[in-house]
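*Asks:* Below is the sequence, then the predicted model.
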Amino acid sequence: MFFTKIGRRRFITSASSAFLGVAVAPFLNARSTWAKTEKMATPEYRILGKTGLRVTAVAMGVMNCSDPAVLHRAYDLGVNFYDTANVYMAGKNEEMVGKVFRGKRDKVLIQTKIRFKPTEQENRESIETSLRRLQTDYVDVLLWHALQTPEEVANPEAFEFMQKLKKEGKVRFHGFSSHSDMASLLREGAKSSVHDVALVSYNFTHSNELKEAVGIAAKSGIGVVAMKTQAGGYKTEKIGSLSPHQAALRIVLTDHNVSTAIPGVTTIEQIDECAAVMGTELSREDLGSLDQYHSYLHGRICTMCGGCIGACPHGVAHSDLLRAVMYRDAYQDDRLVHEMFDDEDRRQKIRQCAECSSCFVRCRRGLDIHAQLRSVHTMLL
Amino acid sequence: MGTENMAIHNAFIGLSLLVCILIPWGSFSEAELIQTLLPKNMPEEWVQRDAAEMFTKQTLFEHIDGQADLFLQYGFEKSVFATYQDKKTREKKIDLDIYDMGNVLQAFGIFSRFRNEDRPAGIGLDSSVGDHYAFFYKGKYFVVLQSTGSSSSDVQQLAMAVDSRIADNSQPPREISYFPESRIKSGSIEYFPEGLLGHQFLGRGFKATYIETDDANAKGESETFSRDSNLFIAVFENSQEAIRSLKLYHEDLSRKGVCQMGTSSQFGPNTLTGKDPYQGKVIIAHKGHYLVGAIGFENEKHVQDQLSQLIKRIKQKPCGMYQVAK
């Protein structure tokens, strides 16, 4: 499954190593270690819906990344699709993408996002600014950022503006991103048939309704890009041959209605881990591990998916308290749990919940909410 | 009970009562504080449109979508948002966000990630002002103003009004002052709560950009060439953690690049030099709770001088803020 590859960057590095060895040696009394060739995963490609673009199954959400080295690394790993937005870090994020891929523009696909504004002039200013920051004449995919209603998805003004940009050659394909009511928006997208791409949160915690909507959108020709693929980030031990991060990503990619996933990465180690998922064939053992992981998450970890059924008869906002369960189990961060319960009011509530014998709140994913809240209370004692 | 004991007893009861009164009041006023930072005495033509909106760790996402992740990484606590509008020209409006980031280190950190170019305007502890925006941080607050149709002076005026209402007089993180001033790219110091230089094992720390010119340029000759390089300070819980991280970097470079680790006559034991495949030449030295280094440079002599200066300036342990900022 793996093969050895020496990229251009690595060749340059290796070639210049000799110089460095000579240059720094005089002031060090030490043993030198030489560069070794790494094993890299084979990129796995998929087609981004009706755009026909050939994208790597694992792409990169650049949003919180500030170090060009991480982008360089992603590029060397074969990742060819990069997602940013004009608002990220007030434009610095787009600037970094532009700087890193200057001279390589034809080898990468760039997706950015702008917010829909009331006038064409404002929208035009947004895209022109993005193009300037990205140091390019065009973006491969331009999305309307964070749409919330089906009406916004079907907005003819927004569509007409995108069509103009397409004709002007500033945008190759367009679409929308959404964080809320995503199933409805995807269905509307499929119905109205004006969008090429949709970017939605999609991971193992989401409902069948969303899964179906992703399928409907993909069948209509929309290229579905998945974000928030790790549902909060898991720092736990490896399960089988895949780390939990990788397992979460693989689960998303198992759905072939998803063209590409854009896990948000900020370090070289994270992009290494994510990119390694590409090109891997899941063995029977891996599938078993995934099942194990999935069922492990199913009954144990609250991912704040919002799928709680019922309400507390005493009016306690249980979803607020469940955040502690996510911090403890998903983020593995006890400090956050303790910080959260610095507040006496919350301490009182968790105590009340732990001692309650009439909990009516149920989790659609099978999490025993009452038991979880009791265990958080025990942890705080 | 003697008179003296009685007096102590009374004083104790009085103190307890005072504590009982002040603690809830303190909590209440703290909870209310962020809203009170919204300017009330606006120039005549400006009014606050609609009621202010408050956001918490759970709801920030509804306001700024995916960017909330970055704010949470920097310890976001709560924020308030309000829109101000020109009564005469209704298209002119300014959106104001005031974010409580928990402490001045985190407020500086998020500010440093947003600051695009060095355009200070003397607002707060540091600020960046453009035609349609202003950012600044002061104490534990990070403040963002974005305008539509209004002038830069309107934005600055509103920013200064917020500045004047923030009473938190915390000083900037001391590590900022450790970086040598010579050839530093103004406004380039950034703080990362994790993933410094894009490496998980380096954890949190500061990075500054320096402009490196070649010797010909330094001598004023016609051919000029300049490039950016970085100095950085990684901050750890203790000295052992710092060394452990250095070893991890050594292992990483051994796999991906080229490196040497040993004793330097200039920087002492535990000095790593090498070449990072993505960032170029690197030198890292260890000092107490810190790893300090330079990366992406060409002129070794010059960078060694800068690094020496940086190391000399570090005289204290990291302050307590890093414990919560981790």
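*Replies:* Received the coordinates, thanks.
*Asks:* looking at this, A:F176 is in a helix?
*Replies:* No. Going by DSSP: H, G, I helix; E, B strand; the rest coil, the assignment for A:F176 is strand, not a helix.
*Asks:* I'd assumed A:W144 was in contact with it.
*Replies:* Yes. A:F176 is within contact range of A:W144, at 4.5 Å (criterion: C-beta atoms under 8 Å). C-beta here means a position set from N, CA and C on the backbone, and glycine is covered the same way.
*Asks:* Overlap of the contact sets of those two?
*Replies:* By C-beta atoms under 8 Å, 6 or more residues apart in numbering or on different chains, A:F176 and A:W144 have these common neighbours: A:E152.
*Asks:* Which strand or helix spans the spatially closest residue to A:Q372 that is not a sequence neighbour?
*Replies:* Closest residue in space to A:Q372, ignoring its immediate chain neighbours: A:V325 at 4.6 Å, by C-beta to C-beta, 6 or more residues apart in numbering or on different chains. Per DSSP states H and E: A:V325 is located in helix A:318-325.
*Asks:* hang on, the earlier thing: neighbours of the residue nearest to A:Q372, just the number please.
*Replies:* 22 (other C-beta atoms under 10 Å in any protein chain shown).
*Asks:* ok, it touching A:V376?
*Replies:* Yes. When contacts are counted by C-beta under 8 Å, A:V325 is listed as touching A:V376 (6.1 Å).
*Asks:* How about residues contacting stretch B:125-135?
*Replies:* For stretch B:125-135, contacts defined as C-beta under 8 Å, 6+ apart pick out A:90, B:104, B:108, B:111, B:114-121, B:123, B:136-139, B:142-148, B:150, B:152, B:155-156, B:158-159, B:171-172, B:187.
*Asks:* list the buried ones in it?
*Replies:* B:125-130, B:132-135 (16 or more other C-beta atoms under 10 Å in any protein chain shown).
*Asks:* Stretch A:248-268 too?
*Replies:* In stretch A:248-268, residues buried by neighbour count (16+ other C-beta under 10 Å) are A:248-253, A:257-268.
*Asks:* Then stretch B:197-217?
*Replies:* Neighbour-count burial for stretch B:197-217, counted by 16+ other C-beta under 10 Å, picks out B:197-210, B:212-213.
*Asks:* and chain A, which of these contact it?
*Replies:* Contacts with chain A within the buried residues of stretch B:197-217, counted by C-beta under 8 Å from any C-beta of the partner chain: B:197-201.
*Asks:* What separation do you get for A:L185 and chain B?
*Replies:* 14 Å (C-beta to the nearest C-beta, to the nearest Å).
*Asks:* does that residue count as helix, strand or coil?
*Replies:* Assignment for A:L185 (three-state DSSP): helix.
*Asks:* Check whether it really touches A:E151, as I assumed.
*Replies:* No. Assessed by C-beta under 8 Å, A:L185 is found out of contact with A:E151, at 10.0 Å.
*Asks:* These two: who's more crowded?
*Replies:* A count of neighbours by other C-beta under 10 Å puts A:L185 above the other of A:L185 and A:E151, at 27 against 10.
*Asks:* Just the element for B:L145, please.
*Replies:* Here B:L145 sits within strand B:141-148, counting by DSSP H and E.
*Asks:* can you tell me which residues contact the residue nearest the centre of chain A?
*Replies:* With distances taken as C-alpha atoms, centre = their mean, A:P263 lies nearest the centre of chain A, 3.0 Å away. Each residue near A:P263 by C-beta under 8 Å, 6+ apart is listed here: A:58, A:60-61, A:227, A:229-230, A:245, A:249, A:270, A:274.
*Asks:* where does the residue lying closest to A:R105 once chain neighbours are set aside land in three-state SS?
*Replies:* Take A:R105 and drop its neighbours on the chain: the residue closest to it by C-beta to C-beta, 6+ apart is A:T136, 5.6 Å away. At A:T136 the chain is in coil, as set by three-state DSSP.
*Asks:* What of the one 5 residues further on?
*Replies:* For A:V141, the secondary structure call by three-state DSSP comes out as strand.
*Asks:* Which pLDDT does the model give the residue of chain B found nearest chain A?
*Replies:* Among the residues of chain B, B:G262 lies closest to chain A, at 2.7 Å counting by C-beta to the nearest C-beta. B:G262 is assigned 83 on the pLDDT scale.
*Asks:* Tell me how far it lies from A:R54.
*Replies:* 47 Å (C-beta to C-beta, to the nearest Å).
*Asks:* any idea how the chain splits into domains?
*Replies:* Since no chain was named, I'll use chain A. Following automatic domain parsing, one finds the domains of chain A at A:41-284, A:308-380.
*Asks:* sorry, should have said chain B
*Replies:* Following automatic domain parsing, one gets these domains for chain B: B:36-165, B:174-325.
*Asks:* where does the chain dip in pLDDT?
*Replies:* In the absence of a named chain, chain A is used. By pLDDT under 70, the low-scoring segments of chain A are A:1-41, A:205, A:231-244, A:280-308, A:319-320, A:323, A:326-336, A:364-367.
*Asks:* other chain: chain B
*Replies:* Ranges of chain B meeting pLDDT under 70: B:1-32, B:118, B:215-225, B:320-326.
*Asks:* Could I get the full set of strands for it?
*Replies:* All strands of chain B, identified by DSSP state E, fall at B:46-56, B:78-86, B:93-100, B:126-129, B:133-138, B:141-148, B:190-192, B:204-213, B:226-235, B:258-264, B:268-276, B:280-287, B:290-297.
*Asks:* Mean neighbour count, these: which tops it?
*Replies:* With neighbours taken as mean count of other C-beta atoms under 10 Å in any protein chain shown, the strands of chain B reach their highest mean count in strand B:133-138, at a mean of 27.
*Asks:* Could you tell me the angle between that one and strand B:93-100?
*Replies:* Strand B:133-138 runs at 20 degrees relative to strand B:93-100, counting by axes from the mean of the first three to the mean of the last three C-alpha atoms, to 10 degrees.
*Asks:* Now A:R172. Nearest residue, chain neighbours left out?
*Replies:* The shortest distance from A:R172 to any non-neighbouring residue, by C-beta to C-beta, 6+ apart, is to A:D140 (5.0 Å).
*Asks:* Help me confirm that that neighbour comes into contact with A:T112.
*Replies:* No. Assessed by C-beta under 8 Å, A:D140 is found out of contact with A:T112, at 9.1 Å.
*Asks:* Tell me what B:A208 is bridged to.
*Replies:* For B:A208, the beta-bridge partners under DSSP bridges are B:L231.
*Asks:* same deal with A:G61?
*Replies:* Counting by DSSP bridges, A:G61 is bridged to A:D83, A:G264.
*Asks:* Pull up the gap between it and A:A85, please.
*Replies:* Where A:A85 is concerned, A:G61 sits at a distance of 10 Å (C-beta to C-beta).
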